[in-house]
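Asker: what's the 3D shape of this:
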Amino acid sequence: MGPGIKRLVVFTIAIAVAVFAVQGGEYGTFDLLRQRSRRIALHARIDTLRHQVDSLTRLAHDIETDPAVQERIAREEFGMVRGSKELLYRFAPAAGSSPADSARIRSGTSGTALGTVQPESASH
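Answerer: Numbering: from 1, shown residues only. Predicted structure coming up:
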């Protein structure tokens, strides 16, 4: 082998070693770039989840302590209506009976339907 070919082989081996050092191995350059973008995505997801947890914590506190929120949930989720004249209750049909959508109790009437509660504001 001539000196020019020997230099070319050594130079080629040196380039191959340098490329392997940068790109090869378990954590090559592409792996590091992929991990960096994944880290950014995970931080964004963590921020979103923290925001959701804060919102749910605030909502749980409001449900436990705020009567206006409790009343809103009673109206929206359970179909209850609060007013000075009447209350509207929805009853689920008992097993084997015909379905009844709702029962109205007007204040001032005598007697109450089975399973109902008189409103606090009603006075007789």
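Asker: from R50, how far off is L56?
Answerer: With the distance defined as CB to CB, to the nearest Å, L56 ends up 11 Å from R50. Every residue, glycine included, has its C-beta placed from N, CA and C.
Asker: can you show me the helices along this protein?
Answerer: Remark: helices of the chain, listed N- to C-terminal, are 3-23, 29-65, 67-78; assignment by DSSP state H.
Asker: quick check: neighbours shared by L56 and R50?
Answerer: Listed as contacting both L56 and R50 by CB atoms under 8 Å, 6 or more residues apart in numbering is no residue at all.
Asker: can you list the domains in this protein?
Answerer: The chain resolves into domains spanning 1-65, 77-112 when parsed by automatic domain parsing.
Asker: circling back to that earlier point, now the helices of the chain in a markdown table, please, with extra columns for distance to A92.
Answerer: Listed next are these as a markdown table, based on distance: least, CB to CB, whole Å:
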| stretch | distance to A92 |
| --- | --- |
| helix 3-23 | 67 |
| helix 29-65 | 23 |
| helix 67-78 | 11 |
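Asker: and those helices as TSV, adding mean pLDDT?
Answerer: Shown next, in TSV, are those (pLDDT from 0 to 100):
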stretch	mean pLDDT
helix 3-23	85
helix 29-65	94
helix 67-78	88
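Asker: rebuild these as a markdown table, extending it with mean neighbour count and distance to P93.
Answerer: A markdown table is the format used below for those (neighbours: other CB atoms under 10 Å; distance: least, CB to CB, whole Å):
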| stretch | mean neighbour count | distance to P93 |
| --- | --- | --- |
| helix 3-23 | 10 | 70 |
| helix 29-65 | 10 | 28 |
| helix 67-78 | 11 | 16 |
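Asker: thanks a lot, catch you later.
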